[in-house]
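Visitor: coordinates only, sequence not included:
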């Protein structure tokens, strides 16, 4: 190989490696949020309290809903909201560290349509999935996967995520 080709190959390899390495870098604060997320989900000793439908929903939906609080020593670390709708289900998980919201996971699953056009209420497919990393009440990273760009249900699900997270946390504290 000629020296100029060798030098060009070396610089190209270094440049591509630098780009790949920059893409792998995490947003500051995200690794700590991920560590807290995994620690919360690994903790089998969390106290669990479930609210049904009318205990937290203003309007009861077709499939009802549950709001589950996970706490450690009277401090909420996780809240899971499951809502059943006519077309599918929505899930939102709120994660807290020291009383502050740090992460929200949201998901919309639609019922699968059968050949005749009816819905199969036993099968769903994910049409929206979002991960929101939060530090000091500001979203620092968002990862969204959706079946169709502009999925309105996914957007609606997450539009009020901060308000709902705060409301649910207050609800837990009032019902202690």
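Guide: Ah, there it is. Remember, predicted model here, so these are calculated numbers, not experimental data.

Visitor: Which pLDDT value belongs to the spatially most central residue of the chain?
Guide: Note on the chain: the residue nearest the mean C-alpha position is residue 105, at 0.9 Å, using C-alpha atoms, centre = their mean. For residue 105, the pLDDT comes out at 96.

Visitor: likewise residue 85?
Guide: Residue-level pLDDT assigned to residue 85 equals 88.

Visitor: Next, the contact list for it, please.
Guide: Residues counted as contacts of residue 85 (C-beta atoms under 8 Å, 6 or more residues apart in numbering) are 61, 62, 63. Just so you know, the C-beta spots here come from the backbone N, C-alpha and C atoms, and that holds for glycine as well.

Visitor: do that again at 6 Å, thanks
Guide: 61, 62 (C-beta atoms under 6 Å, 6 or more residues apart in numbering).

Visitor: so where's the chain shaky on pLDDT?
Guide: 1-25, 148-151, 176 (pLDDT under 70).

Visitor: pull the longest strand from it.
Guide: For the chain, the longest strand by residue count, based on DSSP state E, is strand 119-135.

Visitor: ok now that strand, how far from the chain's centre?
Guide: Centroid separation between strand 119-135 and its chain, computed with C-alpha atoms, centre = their mean, to the nearest Å, is 9 Å.

Visitor: and the next helix-or-strand element following that strand with strand 119-135, angle?
Guide: Toward the C-terminus, strand 119-135 is succeeded by strand 138-146 as the next helix or strand (DSSP states H and E). Computed by axes from the mean of the first three to the mean of the last three C-alpha atoms, to 10 degrees, the angle separating strand 138-146 from strand 119-135 equals 150 degrees.

Visitor: packing partners for the helix or strand that comes right after strand 138-146?
Guide: Using DSSP H and E, the helix or strand that follows strand 138-146 in sequence is helix 152-159. Contact here means 3 or more C-beta pairs under 6 Å, 6 or more residues apart in numbering; DSSP states H and E; on that basis helix 152-159 packs against strand 100-113.

Visitor: what do you get if the cut-off is 7 Å, keeping everything else the same?
Guide: strand 100-113, strand 119-135 (3 or more C-beta pairs under 7 Å, 6 or more residues apart in numbering; DSSP states H and E).

Visitor: Which strand residues bridge the spatially closest residue to residue 29 that is not a sequence neighbour?
Guide: The shortest distance from residue 29 to any non-neighbouring residue, by C-beta to C-beta, 6 or more residues apart in numbering, is to residue 135 (4.3 Å). Beta-bridge pairing for residue 135 (DSSP bridges): residue 138.

Visitor: returning to that earlier point: which residues touch the residue nearest to the centre of the chain?
Guide: 93, 131 (C-beta atoms under 7 Å, 6 or more residues apart in numbering).
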